[in-house]
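Q: Sequence and computational prediction follow.
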Amino acid sequence: MAKIASVLILIVLTGNGEILLGNTPCPSLCVCNGDTATCDGHGSHQRYIPPLPENTTSLIFRHYSLGYMRADVFKNISSLHLTKLDLTNDRIVNIERLVFCMLPHLEFLDLSKNSGLNSRKLHKAFLGLQNSTLKEIRLTYLKLDPQAMSKKFFLFLSNSSLERVVFDENIISSNIVDIMSPLSSHLREISFKNNQISNVSFNVMMPKLEVFFLSNNKLLSVPNVCYVHTKRPSCPILKELDLRDNLITVVPGGKFFRHCLPKIQKLYLGENKIKTLGRNFISGLSSIVLLSIENMDANFALQEFSLNSSSLQYLYMGNKFNVLKHHRNIFNYTRNLRVLDMTGVQFVLSHSMEEKMRQLFEPLTSLEELTLNRTHLSTFPPSLFQVMPNLTKLYLNDCDFNQTHLTKLFASSSLNFLLMDNNKITSINETNIPIKINQMSLKGNPFLCNCDIVWFRKWVDSNPNRLLGWPDDYICNLPQEWKGKNFADFHLSYLFCHPLNPYIIMAISIFSAVLVIFIVSFIIYKKRWHIKYYLYLLRAKKRGYEVLGGDDFAFDVFVAYNSDDRIWVISEMIPRLENKENLKLCLHDRDFQVGKLIVDNITDAMHRSRKILIILSNSFAQSHWCRFETMMAQLRSMNHGENTVVVVVLENILTKNMNNSLHLLLKSTTFIEWTNEKTAKEMFWERLVSALK
């Protein structure tokens, strides 16, 4: 206790005695989200838990190297109201006795994957938790030695509020009830999954135990959950017992379950070596809701009344027995089933198979979900689903259905979820598509990618969210040229699958002629400025026009710009180029002839100018006449073979404003970008003057 007293908590008081809580930031090695801090050390050494924000109640501190946890390891967080602590895989080798005294509010503790901790070290560490509010502790992957564990293991926690203990993935083989005995009065859930347990016998009362997990062990029989040599249940309110994947061969009769598991709701017996279940073995369990008996012995068989239960709602019985040969009446006394899984069950009968199937399922009027995967079924009785009016989900993966049997599946108006992966469906059309089904899956079917499936391909484009796994899991199987290719890439035109008659050909010809006229008109419209330009040249030639050369130009530079950029032209360009560099500029605001056509003004001015300067901006790119000026400049450059066009980019041009002419201009012409930075601005003017002179 002296070590605990040595830990100081710094409290700063104001003048009136109020407590000021510092706003501690989240450490750089952690991620803080709300009241949870997550720290992943990747194996780095850490002696103390770092300070955390004051609102932290949950700490996940994994993959560090804490080594020997001393009494002051939590000194930085002792003032927090920490309720959850995860120290998984922190290479802890020992823990001092009173370490956890600093965390009095702790409700959850995970020490998993710290293989340096043995039962003796853990027993000592629990001393610091004896007065805590701990409700759950996880001790998985610790390789705990069963020989070193005894009733004293949890002795210090006998007065705690511990409700859930998890010992998964250890090598514990026996003695588990003795280990739990100090906690017997308040435990609600115990988990010993993936251990080496071969026998469980209760000699203590566990009045609050509700869940007991013992899957993947070496149990040879169902644990005796009654007091030894008595019929009184040691776990009177046990609701869930998981015994899957053990070595159990025999299941006790109904009296055992009725006396020893009176409140059981979920019973898992799958993955065992059980060969049969006795008559009425669950009939006395008035509260049972779920039963798992899948993957039993290869010769597993059920008796007529094995599943006799009016409360059973969920049944998982996937096995390989022939259900129609000996078990046609097994559901007569389970009429309240809502979910039934019969994966792998065989439906084989030489005659009257459809009649026997109807007889089998007829009692299941409340069924909502049915799984028949890997049953090799290829058909259903036409009226089968009429006896199951509430069925909404159907799983038929890895069966033998083809498209000719699909219509029978959709007789049920309530069915809205269907899985038929890996069947023999080659095509689907409007006659067998399950229109009323909200979601379905047809992955792994051998689709024949020809004209017969074109309708379905178009339907998928209109309903992609209704087809699970689309598009990656749908592959063409035939014909050979499409084999192995994605069904999403398959497209055949309507004309390919439906040859045209002469009237349609005539109509297409007329339409084609109209289309050609439209295209020609469109091209003329798109190239109207080029046409106007050449018409202008032709008219000028008739008037005796000649191209100027040498020093016969009226202007040094023709400036093409948008009126929105007039301020820049007046304030920046004219003072520099005209006033300082003595270049004669042609500006449309100032030098165009009044009363003359705009087209003639532009083309005349360009031909009378030695250079053409384009001031490019988003306003320029959007302007009808500015685009014309750009095209005229390009034509002059191509016709005369001279480097006469200079481009100044005033701002970044938006993609929506970048037309083909501008794209070609910027690609074929060296341009200069304007900037307001003083040094770069001077370099801009030097480059521009050099290009213009």
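A: Cool, got the structure.
Q: center of this structure - which residue?
A: Nearest to the geometric centre of the chain sits G469, at 12.9 Å (C-alpha atoms, centre = their mean).
Q: Grab the nearest non-local neighbour of it.
A: K443 (4.5 Å; C-beta to C-beta, 6 or more residues apart in numbering). (Glycine included, C-beta is placed from N, CA and C.)
Q: mind listing what that neighbour touches?
A: D421, N422, L468, G469, D473, Y474 (C-beta atoms under 8 Å, 6 or more residues apart in numbering).
Q: Report the separation between the third one and C451.
A: Pointing back at L468 there. Remark: distance between L468 and C451 (C-beta to C-beta, to the nearest Å) = 26 Å.
Q: The longest strand seen in the chain packs against which elements?
A: The longest strand of the chain (DSSP state E) is strand 609-616. If you count contacts as 3 or more C-beta pairs under 8 Å, 6 or more residues apart in numbering; DSSP states H and E, strand 609-616 packs onto strand 555-560, helix 624-640, strand 645-649, helix 660-668, helix 678-692.
Q: Mind listing residues that contact it?
A: 553-562, 565, 568-569, 573, 586, 606, 620, 629-630, 633, 636-637, 644-650, 653, 662, 665-666, 671, 691-692.
Q: Alpha carbons of the following helix or strand past it, in PDB - could you do that?
A: Next along the chain after strand 609-616, taking DSSP states H and E as the criterion, comes helix 618-622. The C-alpha atoms that make up helix 618-622 are tabulated as PDB, following Å, rounded to 0.1, in the frame of the first residue of the first chain:
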ATOM      1  CA  ASN A 618     -11.800  32.100 -68.900                       C
ATOM      2  CA  SER A 619     -13.800  35.100 -70.200                       C
ATOM      3  CA  PHE A 620     -11.900  34.900 -73.500                       C
ATOM      4  CA  ALA A 621     -12.500  31.100 -73.800                       C
ATOM      5  CA  GLN A 622     -16.300  31.700 -73.400                       C
END
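Q: pLDDT (mean, whole number) over helix 618-622?
A: Averaged across helix 618-622, pLDDT comes to 88.
Q: neighbouring contacts of that helix?
A: By C-beta under 8 Å, 6+ apart, helix 618-622 touches 560-565, 614, 626-627, 651, 653-654, 657-659, 662.
Q: Could you identify the most distant pair in those?
A: Spatial extent of the contacts of helix 618-622 (C-beta to C-beta) is set by the pair S563 and M658 at 20.7 Å.
Q: Give me the buried entries from the contacts of helix 618-622.
A: Buried subset of those (neighbour count, 16 or more other C-beta atoms under 10 Å): A560, Y561, N562, D565, I614, C626, R627, I653, L662.
Q: Need those in CSV (columns: pLDDT and distance to F522).
A: Below are the buried ones among the contacts of helix 618-622 laid out as CSV (pLDDT from 0 to 100; distance: C-beta to C-beta, whole Å):
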residue, pLDDT, distance to F522
A560, 91, 26
Y561, 91, 30
N562, 90, 27
D565, 90, 31
I614, 91, 27
C626, 83, 22
R627, 81, 17
I653, 85, 25
L662, 81, 20
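Q: can I assume P464 is in contact with Y474?
A: No: if you go by C-beta atoms under 8 Å, P464 and Y474 don't touch, sitting 11.1 Å apart.
Q: Who has more neighbours out of those two?
A: Y474 (20 against 11; other C-beta atoms under 10 Å).
Q: which residues does I92 bridge with?
A: Per DSSP bridges, the residues bridged to I92 are G67.
Q: Now do it against N170, distance only.
A: 16 Å.
Q: who's V31 bridged to?
A: Beta-bridge partners, per DSSP bridges, of V31: T38.
Q: What distance do you get for it to L59?
A: In terms of C-beta to C-beta, V31 sits 12 Å off from L59.
Q: For these two, list the residues in contact with both.
A: In contact with both V31 and L59: A37, C39, using C-beta under 8 Å, 6+ apart.
Q: And those two? Which one has more around it.
A: Ranked by neighbour count (other C-beta under 10 Å), V31 and L59 place L59 first, with 24 against 13.
Q: In this structure the more buried one contacts P50, no?
A: No: with contact defined as C-beta under 8 Å, L59 does not reach P50; the gap is 10.2 Å.
Q: Output the below-cut-off pLDDT ranges for the stretch 101-250 of the chain.
A: Along the stretch 101-250 of the chain, segments meeting pLDDT under 70 span 228-229.
Q: rerun at 80
A: For the stretch 101-250 of the chain, residues meeting the criterion pLDDT under 80 lie at 145-148, 174-175, 227-231.
Q: ok, which stretches of it are strands?
A: 108-110, 136-138, 164-166, 189-191, 211-213, 240-242 (DSSP state E, counting those that start in this stretch).
Q: wait, which of these is closest to Q386?
A: strand 240-242 (35.5 Å).
Q: and the next element down the chain from the closest one?
A: Following strand 240-242 toward the C-terminus (DSSP H and E): helix 254-260.
Q: For whatever helix or strand comes next after that following helix, the averaged confidence score.
A: Counting by DSSP H and E, the next helix or strand C-terminal to helix 254-260 is strand 266-268. Average pLDDT, strand 266-268: 96.
Q: got the contact list for strand 266-268?
A: Everything outside strand 266-268 that qualifies as a contact, by C-beta under 8 Å, 6+ apart, is 215, 239-244, 261, 282, 285, 288-292.
Q: what do you get if the cut-off is 6 Å, keeping everything else the same?
A: E240, L241, D242, R244, L290, L291, S292 (C-beta atoms under 6 Å, 6 or more residues apart in numbering).
Q: now stretch 342-350
A: So stretch 342-350 is contacted by G318, K320, N322, V323, L324, K356, T371, L372, N373, R374, T375, L377 (C-beta under 6 Å, 6+ apart).
Q: mind saving the C-alpha coords of it as PDB?
A: Only the C-alpha atoms of stretch 342-350 are listed here, as PDB (Å, rounded to 0.1, in the frame of the first residue of the first chain):
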ATOM      1  CA  MET A 342     -30.500 -28.400 -44.400                       C
ATOM      2  CA  THR A 343     -27.100 -27.900 -46.200                       C
ATOM      3  CA  GLY A 344     -25.900 -31.100 -47.700                       C
ATOM      4  CA  VAL A 345     -29.000 -33.200 -46.900                       C
ATOM      5  CA  GLN A 346     -29.900 -35.600 -49.700                       C
ATOM      6  CA  PHE A 347     -33.400 -35.700 -51.300                       C
ATOM      7  CA  VAL A 348     -33.200 -39.100 -53.100                       C
ATOM      8  CA  LEU A 349     -36.200 -41.300 -53.900                       C
ATOM      9  CA  SER A 350     -36.800 -43.500 -56.800                       C
END
